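**Student:** what follows is a predicted protein model with its sequence.
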Amino acid sequence: MVQVLAVVVVSALIAVGLGAGVTSAQEEVNVEVRVVNGTAGAEAPVALPILLLATGLDGRVAATAQGQTDDAGAFEFGDLPLLKGGQYVFSVDYAGVLYTEVLLPEELSEGVQIDVYDTTRDVTVVQFRRQVMVIAGVDASEREVSAIEFVLLANESDRTLLPDVSNPAMMSFLRFSLPPGSHDLDVQSNLPSREIISVGSGFAVTSPVVPGAHSVEFSYIFPYEVNELSYRQPLLQGAEVYQVLVPDRLTPVRVGGLNKVEPVQIQDTRYQAWESRGISPGQGVELELVNLPEPSLPDRIEKTVTSASLWQAMLPGALAALLAVLLLFGAFQGRVGLRSVPRVSGGLGEDVIPDRESMIHEIADLDDRFESGELVDSEYRGQRQALKSRVLEATQRSPEQSPDRI
């Protein structure tokens, strides 16, 4: 420990510089740590490892230490450097849950108590005090709504909810539902960082929930049709209060399925508010958003023209129209002289046979049109085969000309 502290002191002196030739000894402090099991009737945590991480004002690690609790759940860290403007993080892992306490330098003299708890898989120990959905914006051109939800929850039991990630069917997670078609989900929370998993029509948080108050917030985007949207918000954990807030700038958007209450002022923005109270787990509400803005006529035209489904629907008809035009084009090309095949004239009563070289040039031209995308495969192959047959016929009528490879 003395060697570690010596390295820390020397590093600190180098960091501030030794050019002035003035040094001062690093002040040290002793810290008493006590680990207490807050679950009624549970045994005291004995021989529990304790970790310490101390950081300086610049956020860099200045010292680390570890210890182990005695039979009374206590341990003392000695000779710790007193870091002005820094902080000290004390952590213990108990029953698969990490418990942490953070102290400032001026709080170290009072010691630190870390409360730990036995665990439970019963998600009903967590109560949703308030869940608020805020309509943050509406994109009329895309018919999409941006929303943010804030959830205040509390575990008022004396056990930590520890979800069983190995058994998703048990559903020991905190679950949150989303409107149909939601995307761009972003979740923030003061709960310990764990995985966010997709469950049903929403998501679940696998974080442990220790006794006390917590918060979760999440944002997302969801679509709507025409100028309204109706869906069921199941509120799987229930809610003492469920609210939907719409800023005045989005008037006349209204909310159905909830009771209209007095507007809410948040900073400089006024929100129209609707709410329901005393919702049991799974009871849910039938939520309606009405008078949502519709896209303008130019937006609708652009959306229609660029719609993939529209082109999929139009493609067979477009191909049929193209074939009809090509057929007409073929019927009239001899009359107007476009892409006409040169003909040779014979005497009265003789067959008029196109020149063989001209037909070969016509095949080459057909190949170029196909490669450039002007012709569909079936049309290209049919015309090419017809030209090849005519070339072979012309060759048979003129044996002195051997057919080239076409």
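**Tutor:** Great, that's in hand.
**Student:** dihedrals phi and psi, Thr120?
**Tutor:** Main-chain dihedrals, Thr120, degrees, to the nearest 10: phi -140, psi 160.
**Student:** go on, Pro105?
**Tutor:** According to degrees, to the nearest 10, Pro105 has phi -50, psi -40.
**Student:** tell me the contacts of it?
**Tutor:** Val29, Leu82, Leu83, Lys84, Gly85, Gly86, Gln87, Tyr88 (Cβ atoms under 8 Å, 6 or more residues apart in numbering). From N, CA and C alone the C-beta is placed, and that goes for glycine too.
**Student:** adding secondary structure, write these out as TSV.
**Tutor:** Below are those laid out as TSV (DSSP: H, G, I helix; E, B strand; the rest coil):
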residue	secondary structure
Val29	strand
Leu82	coil
Leu83	coil
Lys84	coil
Gly85	coil
Gly86	coil
Gln87	strand
Tyr88	strand
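**Student:** for those, which one is nearest Gly41?
**Tutor:** Using Cβ to Cβ, Tyr88 is the member of the contacts of Pro105 that lies nearest Gly41, at 31.5 Å.
**Student:** show the pLDDT at that closest one.
**Tutor:** On pLDDT, Tyr88 comes in at 96.
**Student:** and it, bridged to which residues?
**Tutor:** Per DSSP bridges, the residues bridged to Tyr88 are Ala54, Leu103.
**Student:** hang on, the earlier thing: just among the contacts of Pro105, which is most surrounded?
**Tutor:** Tyr88 (25 neighbours; other Cβ atoms under 10 Å).
**Student:** which element, helix or strand, includes the residue lying closest to Pro180 once chain neighbours are set aside?
**Tutor:** Nearest residue to Pro180, sequence neighbours excluded (Cβ to Cβ, 6 or more residues apart in numbering): Tyr231, at 5.7 Å. Using DSSP states H and E, Tyr231 falls within strand 229-233.
**Student:** let's see that strand as CSV, backbone CA atoms only.
**Tutor:** Taking Å, rounded to 0.1, in the frame of the first residue of the first chain, the C-alpha atoms of strand 229-233 are listed here in CSV:
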residue,chain,number,x,y,z
LEU,A,229,-54.5,7.1,-34.7
SER,A,230,-56.1,4.7,-32.2
TYR,A,231,-54.3,2.1,-30.3
ARG,A,232,-54.3,0.4,-26.9
GLN,A,233,-51.7,1.4,-24.3
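**Student:** and after it, which helix or strand comes next?
**Tutor:** Next in sequence after strand 229-233, counting helices and strands by DSSP H and E, comes strand 239-247.
**Student:** same for that following strand, what does it pack against?
**Tutor:** Counting contacts by 3 or more Cβ pairs under 8 Å, 6 or more residues apart in numbering; DSSP states H and E, strand 239-247 is packed against strand 126-139, strand 254-256, strand 259-266, strand 269-279.
**Student:** OK, contacts around Gln243?
**Tutor:** Arg130, Gln131, Val132, Met133, Leu258, Val261, Ala273, Trp274, Glu275.
**Student:** residue ranges with poor pLDDT in the stretch 251-400 of the chain?
**Tutor:** Applying pLDDT under 70 to the stretch 251-400 of the chain flags the ranges 296-357, 361, 371-373, 376, 391-400.
**Student:** and the strands in the stretch 1-150 of the chain?
**Tutor:** For the stretch 1-150 of the chain, applying DSSP state E, counting those that start in this stretch gives strands covering 28-37, 49-55, 61-68, 74-81, 87-94, 97-103, 112-116, 119-120, 126-139, 144-155.
**Student:** re the thing from before, ok, so of the contacts of Pro105, who is nearest Gly284?
**Tutor:** Distance to Gly284, by Cβ to Cβ, is smallest for Gln87 among those, at 43.1 Å.
**Student:** Val102 is in contact with that closest one, correct?
**Tutor:** Yes - assessed by Cβ atoms under 8 Å, Gln87 is found in contact with Val102 at 5.7 Å.
**Student:** so what does the nearest residue to Pro179 once chain neighbours are set aside look like in phi/psi?
**Tutor:** Nearest residue to Pro179, sequence neighbours excluded (Cβ to Cβ, 6+ apart): Phe222, at 4.0 Å. With angles defined as degrees, to the nearest 10, Phe222 sits at phi -140, psi 150.
**Student:** does Phe222 touch Glu149 like I think?
**Tutor:** No - look at Phe222 against Glu149 with Cβ under 8 Å: they stay out of range, at 11.6 Å.
**Student:** picking up where we left off before, need the helices and strands packed on strand 239-247 in JSON lines with distance to Thr119 and mean neighbour count, can you?
**Tutor:** Shown next, in JSON lines, are the helices and strands packed on strand 239-247 (distance: least, Cβ to Cβ, whole Å; neighbours: other Cβ atoms under 10 Å):
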{"stretch": "strand 126-139", "distance to Thr119": "13", "mean neighbour count": "18"}
{"stretch": "strand 254-256", "distance to Thr119": "39", "mean neighbour count": "18"}
{"stretch": "strand 259-266", "distance to Thr119": "37", "mean neighbour count": "11"}
{"stretch": "strand 269-279", "distance to Thr119": "27", "mean neighbour count": "17"}
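**Student:** make a markdown table out of those and add distance to Gln113.
**Tutor:** What follows is the helices and strands packed on strand 239-247, written out as a markdown table (distance: least, Cβ to Cβ, whole Å):
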| stretch | distance to Gln113 |
| --- | --- |
| strand 126-139 | 24 |
| strand 254-256 | 46 |
| strand 259-266 | 37 |
| strand 269-279 | 36 |
